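Trainee: Predicted model follows, preceded by the sequence.
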Amino acid sequence: MRKLKSLWLGILFSVFLVVSAWAGSINLNVAGQEELANLPGVGPKIAAAIVEYREKYGPFKSVDELLEIKGIGPKKLEKIRPLVTIEPVKD
């Protein structure tokens with residue numbers, strides 16, 4: 001049963017990555033908490049921390065700034081990197 005559950009989770013994760021890549025990157029400077037929470041390894045708590053960081057320090061200048069957020073380390077960043085982008089905030 002556990003193997004079947006793991007298999008399904010793996011398939012769902014793979015489908016998510018393909019759909020995310022096809023749908024386009026998530027702009028860290030405008031994405032909402034709900035959208036960020038759908039990134040691999042990012043749940044509601046880390047998504048909230050990303051939004052709080054952005055509100056406190058202003059728009060992201062680099063994807064590497066995510067390393068400043070508790071819960072995001074180098075391995076998680078490498079999973080997220082292809083799915084996010086940094087674009088200027090339009091007024």
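Mentor: Arrived safely, thanks for sending. Numbering: from 1, shown residues only.
Trainee: now the helices for this protein?
Mentor: With DSSP state H, the ranges of helices along the chain come out as 2-23, 33-37, 44-57, 74-80.
Trainee: mind checking which of these is nearest residue 88?
Mentor: With Cβ to Cβ as the measure, helix 44-57 is the member of the helices of the chain nearest residue 88 (13.3 Å). Heads up, the C-betas are built off the backbone N, CA and C, glycines and all.
Trainee: Export that closest one to CSV, keeping only CA atoms.
Mentor: What follows is helix 44-57, C-alpha atoms only, in CSV (Å, rounded to 0.1, in the frame of the first residue of the first chain):
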residue,chain,number,x,y,z
PRO,A,44,1.6,27.5,3.1
LYS,A,45,4.1,28.3,5.8
ILE,A,46,7.1,28.9,3.5
ALA,A,47,4.9,30.6,1.0
ALA,A,48,3.8,33.1,3.7
ALA,A,49,7.5,33.6,4.6
ILE,A,50,8.3,34.4,0.9
VAL,A,51,5.6,37.0,0.8
GLU,A,52,6.6,38.5,4.1
TYR,A,53,10.2,38.7,3.0
ARG,A,54,9.1,40.5,-0.2
GLU,A,55,7.0,42.9,1.7
LYS,A,56,9.8,43.7,4.2
TYR,A,57,12.8,43.9,1.7
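Trainee: for that helix, packing partners?
Mentor: Secondary-structure packing of helix 44-57 (3 or more Cβ pairs under 8 Å, 6 or more residues apart in numbering; DSSP states H and E): helix 33-37.
Trainee: how far does stretch 48-64 sit from the chain's center?
Mentor: On the basis of Cα atoms, centre = their mean, to the nearest Å, stretch 48-64 sits 12 Å off its chain's mean C-alpha point.
Trainee: what residue ranges in this structure score low on pLDDT?
Mentor: 12-23, 91 (pLDDT under 70).
Trainee: tell me, what residue is most central in it?
Mentor: Taking Cα atoms, centre = their mean, the centroid of the chain lies closest to residue 39, which sits 3.7 Å from it.
Trainee: didn't that residue look like it was pressed against residue 83?
Mentor: Yes: proximity of residue 39 to residue 83 meets the contact threshold set by Cβ atoms under 8 Å, at 5.9 Å.
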